[in-house]
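Asker: sequence first, then the predicted structure:
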Amino acid sequence: MANDEQKRSEESDESEKGRKKRSKSIEEIEKEAHELLDRVGGATVDTLRDRVAFILNRYGEARNSDIELAWLYWTLFEPEKFSGRSITKDEMFALTRMPSLVRERARIQNQYKLFQADADVKEFRGTLEEDARQQAVEDRPAGIPNTTIYLDETGKNQNFLCVGGLWIPDSGINVVKVKQELDKWRESTSIKYEFHFSELTRAKLENYKEFFARFLKLNPTAGFKIIVVRNSGFSDLTQPINDLTFHLIDQGINHEHHTGRAPLPRLLQVWMDQDEAGADALKVANIKERIKAQQIDGLYLDNFHTVSSESNYFIQVADLFTGAVNRKLNHDGNLNHKDELADYILAMTKMSIEEIDVENTDTDNSVVFNLGNFSV
C-alpha cells in the first residue's frame with residue numbers, strides 16, 4: 001500500500017514537472033513572438049525570420065500563398081539575384097530555398113500565432129482551430145493598399161492628455177529603407193540613445209532636430225494627428241486615454257479618406273507604444289473592437305499591437321511629436337532646450353497650438369488635428 005502511495009506521489013511529481021516544462025515552453029514561445037513583433041514593428045530585418053515576418057505583416061497575399069511569399073522575398077531582399085523574370089538553374093540555387101521560407105512562415109503562423117492566413121487557407125492547411133471555425137470572419141480583398149499608424153500618449157500627470165499618431169499610407173519596403181538609413185546616420189554620429197522628448201538634454205538638441213528632419217525627408221507621405229483633452233475630473237485615466245485613442249483612429253480614417261490622402265478601401269495596422277502587458281492587451285482589444293463596431297465601409301482591420309520603442313524609429317517620432325504638443329500646452333515656466341525642440345517640430349509639421357480647445361474636458365468632443373504635406 002505504501003509502495004502504491006509512493007508510486008502515485010512520484011507520478012504526481014513527474015506530472016507537475018511536465019506541466020512546468022510545458023508552461024515554460026509556452027512562455028518561451030510567447031516571449032519569442034513578442035520579440036519578433038518588436039522587430040517587425042521597428043522594420044528590423046536582420047535574419048531570415050525577421051524578413052519572412054516583415055513580408056507576412058506587410059503583404060497579406062503572402063500569408064495565404066507560399067509562392068507569393070517566396071516571390072516577394074526574392075524581389076525585396078535578393079534583387080541582385082532575382083530579376084522578377086525567368087531565372088536559370090544556377091540562379092535558382094543562389095536564392096534562399098523555398099522550404100526554408102515555408103518553415104519560417106509555418107513557425108510564425110502556427111507557433112507564434114502571428115500574421116494569420118485567411119480561414120479557408122488555414123482549413124486547407126489543416127491549421128484552422130475550432131474556436132476560429134465558430135467565428136465567421138470576412139476575409140479582406142486581395143491587393144488593397146494599407147495605412148500604418150504609430151501611436152504614443154503623454155500628459156498623465158499634467159493639465160492635458162494627448163494622444164498623437166504618425167500615419168504612413170502605403171507603407172511597404174520603404175520602412176526598411178528608412179530604418180537602415182537612420183541606422184547608418186546614428187552609427188556615423190556615434191549616437192547610442194533612443195529619441196524620447198522627456199529624455200532630451202541641451203547636448204542632444206541638435207541631434208534630435210536632425211533625427212526628426214531626416215525622418216520626414218525619408219517619409220514624404222507621412223502625416224501626423226493629435227487629439228487633446230483637459231485632464232480634469234477623471235478618476236482613472238485608462239478610459240479617457242482609450243477613448244482618445246479610439247477617436248484619433250476613427251476621425252483620422254475619415255479624414256484620410258475624404259481628403260484623398262488614403263482613400264478606402266484600405267487595410268489598417270496600428271502599433272502602440274507598450275506599457276504593461278495585461279493592460280496593453282485589454283487596451284488593444286477594446287480599441288480594435290470599437291473601430292470594428294463603426295462598420296466603416298472599405299476599412300479592413302489587420303494587426304493592432306503594442307511594441308517596444310527600442311529601435312523603433314516610428315514610435316520614437318510619434319513620441320517626439322506628441323511630446324512637443326504636450327510641452328507647449330502644459331509648460332508655463334522658463335523656456336529651455338525642450339521648448340526650442342517643441343517649436344522646431346511644430347513648425348515643421350505646421351501645427352498651431354492656438355487651434356486646440358484648451359477648455360474641452362469631454363473626450364467625445366475632442367477634435368483631431370490632421371497635419372501633412374509638410375516640406376523639409
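Answerer: Okay, I see it. Numbers count the residues shown, from 1 in each chain.

Asker: CA atoms for contacts and neighbours, from now on please.
Answerer: OK.

Asker: per-residue confidence at Pro263?
Answerer: The confidence metric pLDDT takes the value 95 at Pro263.

Asker: which strand or helix spans Val178?
Answerer: If you go by DSSP states H and E, Val178 is part of helix 174-188.

Asker: list the buried residues for that helix?
Answerer: Within helix 174-188, the residues that count as buried by 16 or more other C-alpha atoms under 10 Å are Val175, Val176, Val178, Lys179, Leu182.

Asker: check contacts around the third one.
Answerer: Taking C-alpha atoms under 8 Å, 6 or more residues apart in numbering as the definition of contact, the neighbours of Val178 are Phe215, Leu218, Asn219.

Asker: in the sheet, who's paired with the nearest residue to Gly155 once chain neighbours are set aside?
Answerer: Spatial nearest neighbour of Gly155, chain neighbours left out: Leu161 (4.6 Å); criterion: C-alpha to C-alpha, 6 or more residues apart in numbering. On the basis of DSSP bridges, Leu161 is bridged to Val229.

Asker: chain center to the helix holding Val178, what's the gap?
Answerer: A distance of 18 Å separates the centroid of the chain from that of helix 174-188, by C-alpha atoms, centre = their mean, to the nearest Å.

Asker: same check on stretch 100-111?
Answerer: 21 Å.

Asker: now stretch 90-110
Answerer: Here the centre of stretch 90-110 is set off from its chain's centre by 25 Å, with C-alpha atoms, centre = their mean.

Asker: what's the answer for stretch 333-352, then?
Answerer: 26 Å.

Asker: who's in contact with it?
Answerer: Here stretch 333-352 makes contact (C-alpha under 8 Å, 6+ apart) with 197, 200-202, 205, 208-209, 212, 224, 320-321, 323-325, 327-328, 371-372, 374-376.

Asker: got it, and stretch 196-204?
Answerer: In contact with stretch 196-204 (C-alpha under 8 Å, 6+ apart) are residues Tyr208, Gln316, Asp319, Leu320, Gly323, Ala324, His337, Lys338.

Asker: now the residue sitting nearest the centre point of the chain, what's its secondary structure?
Answerer: Closest residue to the average C-alpha location of the chain: Trp271 at 2.5 Å, with C-alpha atoms, centre = their mean. Secondary structure for Trp271, judged by DSSP: H, G, I helix; E, B strand; the rest coil, is strand.

Asker: for beta bridges, what are the partners of it?
Answerer: Residues in a beta bridge with Trp271, per DSSP bridges, are Tyr150, His305.

Asker: got the contact list for it?
Answerer: Contacts here follow C-alpha under 8 Å, 6+ apart; on that basis Trp271 touches Gly41, Thr148, Ile149, Tyr150, Leu151, Phe304, His305, Thr306, Val307, Ile315.
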